[in-house]
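Q: Could you look at this predicted model? Sequence included:
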Amino acid sequence: MIKVDNLKKVYKDTILEYKSLEIKGKLTLIVGKNGSGKTTLLKALAKLIDIEGVINQPYRCLFAEEQPSFPEEMKTLDYLVNIRALVKQDSHDRMMKLIACFKLDSHLNKPLKSLSKGMRQKVNITQVLMIPKALYLLDEPTNGFDNETLKNLVEWIKQDHAMYVCATHNQDVFMHLDKDCIHL
């Protein structure tokens, strides 16, 4: 369980405040308008930003940005293999399952700069999910996905043993999963 007490973060014109918040389910959606603090809350949970208050988040986690930067000239497979090597975990089988799940096979020898927004998002989610962790923090993970990819992501989350916290505008995608929602 993740517990937040007296969280306060001021960012530009937005004040994010929670007296008390518990995240304990397999899937928690953070829902709100643009600028409401969804990404800020995810970054606070990932311990990537300073906040006022206390966050008891005991899990090893990974955070997937909404718009990551990639080495544009690198080929997709080389990039994923290098990410896997950096974390020094044997996650080859998991990486290959995600490549199949997100239908990246025909894009593995293409430079990242040539990929569409949806394909880049598939690479982004793959690079995070291929590293086994107890908690994944995903910022707008469904952006650019077609219906088949959305179904595959939902099925992956359903089958995986980890907890997921997702900031999203598209909560309908997750309607068939048990979930908690935090509305900002």
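A: That came through fine.

Q: only C-alpha atoms for contact and neighbour calcs from this point on.
A: Will do.

Q: Would you enumerate the residues in contact with the residue lying closest to residue 117 once chain neighbours are set aside?
A: Among residues not flanking residue 117 along the chain, residue 144 sits closest, at 5.8 Å (C-alpha to C-alpha, 6 or more residues apart in numbering). Residues counted as contacts of residue 144 (C-alpha atoms under 8 Å, 6 or more residues apart in numbering) are 117-119, 121.

Q: neighbours of residue 33, just the number please.
A: Neighbour count for residue 33, taken as other C-alpha atoms under 10 Å: 11.

Q: and it, what does it touch?
A: Listed by C-alpha under 8 Å, 6+ apart, the contact set of residue 33 reads 169, 184.

Q: ok, what's across the strand from the spatially most central residue of the chain?
A: For the chain, the residue nearest the mean C-alpha position is residue 138 (1.8 Å; C-alpha atoms, centre = their mean). Taking DSSP bridges as the rule, residue 138 bridges to residue 64, residue 166.

Q: I'd say it and residue 163 touch.
A: No - under the criterion of C-alpha atoms under 8 Å, residue 138 makes no contact with residue 163, lying 10.8 Å away.

Q: So residue 133 sits against residue 62, correct?
A: Yes - applying C-alpha under 8 Å, one finds residue 133 in contact with residue 62, separated by 7.1 Å.

Q: neighbour count winner among these two?
A: For the pair residue 133 and residue 62, the greater number of neighbours falls to residue 62 (18 against 15), based on other C-alpha under 10 Å.

Q: Listing partners with orientation, what would you give for the lowest-mean-pLDDT helix or strand in the chain?
A: Every helix and strand in the chain was compared by mean pLDDT, DSSP states H and E; the lowest is strand 14-23, with a mean of 86. Next to strand 14-23 in the sheet, as set by DSSP bridges, lie strand 2-11 (antiparallel).

Q: Now do the buried residues in the partner strand.
A: For strand 2-11, the neighbour count (16 or more other C-alpha atoms under 10 Å) marks 4-5, 7-9 as buried.
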